[in-house]
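Sequence plus predicted model, see below.
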Amino acid sequence: MRFLDVVLLLNALWFGAAFVQFSIAQRNTLKILVPREERGNPIAPTLSASVAFLGGINLPIGLLSLYFLVARPPFFQGAEAQLALFLFFAACHFSQFAYNLPVLMRGGRVGVAYWPVLKGPMLRIFAIDATLFVANLIVALLLVA
């Protein structure tokens, strides 16, 4: 299996897992995002329902990666098409990583606001998005070279 294929597989798995986390396991996601003492807040159910949109965004990205890995369509064989796709995936991971940076710089959870970036599930999300951003960028750079 080529590095490119491994990265496509990791993209599919990661974005698929994000779909499950945000769209299927919404209550679990709420526990990650909202401190225990605030879960009775009337806005908590709205937040829980809103994270389903995050899953909805992640699912097609994961399916796109899986499609290119499994189907290997002819138009994907060219280096330019592969470059565009891996830059797209790198941008997807970077955006998810980058939005956690300000939270990290503020020290993670501040009172009842934000989420703990350096522990628990958010640390895994932060680290995996950073790693997959770099992996997709490396594939893109290899395609340019």
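Done, it's in.

contacting residues around the longest helix along the chain?
Using DSSP state H, we find that the single longest helix of the chain is helix 120-144. When contacts are defined by CB atoms under 8 Å, 6 or more residues apart in numbering, helix 120-144 is touched by residues 3-4, 7, 10-11, 14, 32, 79, 82-83, 86-87, 89-90, 93-94, 96-97, 100, 104, 115-118. Where you see a C-beta, it was placed from the backbone N, CA and C, and this is true even at glycine.

Give me the buried entries from these.
Restricting those to buried positions leaves 4, 7, 10-11, 14, 82-83, 86-87, 89-90, 93-94, 96-97, 100, 115-117, with burial counted as 16 or more other CB atoms under 10 Å.

Among those, name the ones in helices.
Using DSSP H, the buried ones among the contacts of helix 120-144 in helices are 4, 7, 10-11, 14, 82-83, 86-87, 89-90, 93-94, 96-97.

closest to Leu66 among these?
Asn11 (8.3 Å; CB to CB).

Would you list the phi and psi of the closest residue to that closest one other than its chain neighbours?
The shortest distance from Asn11 to any non-neighbouring residue, by CB to CB, 6 or more residues apart in numbering, is to Ser65 (3.8 Å). Main-chain dihedrals, Ser65, degrees, to the nearest 10: phi -60, psi -40.

ok, now the one 3 residues further on?
Taking degrees, to the nearest 10, you get phi -70, psi -30 for the backbone angles of Phe68.

Distance-wise, check Ala91 relative to Asp129.
Per CB to CB, to the nearest Å, Ala91 is found 11 Å from Asp129.

Could you check which of those two has the larger neighbour count?
Neighbours per residue (other CB atoms under 10 Å) separate Ala91 from Asp129, with Asp129 holding more: 21 against 14.

Please spell out the segments of this protein that come in under the pLDDT threshold.
In the predicted model of the chain, residues 108-114 satisfy pLDDT under 70.

rerun at 80
1, 33, 106-116, 118-120 (pLDDT under 80).

Need the residues that contact stretch 5-24.
1, 28-29, 51-56, 58-59, 61-63, 65-66, 68-69, 86, 89, 92, 128-129, 132, 135-136, 139.
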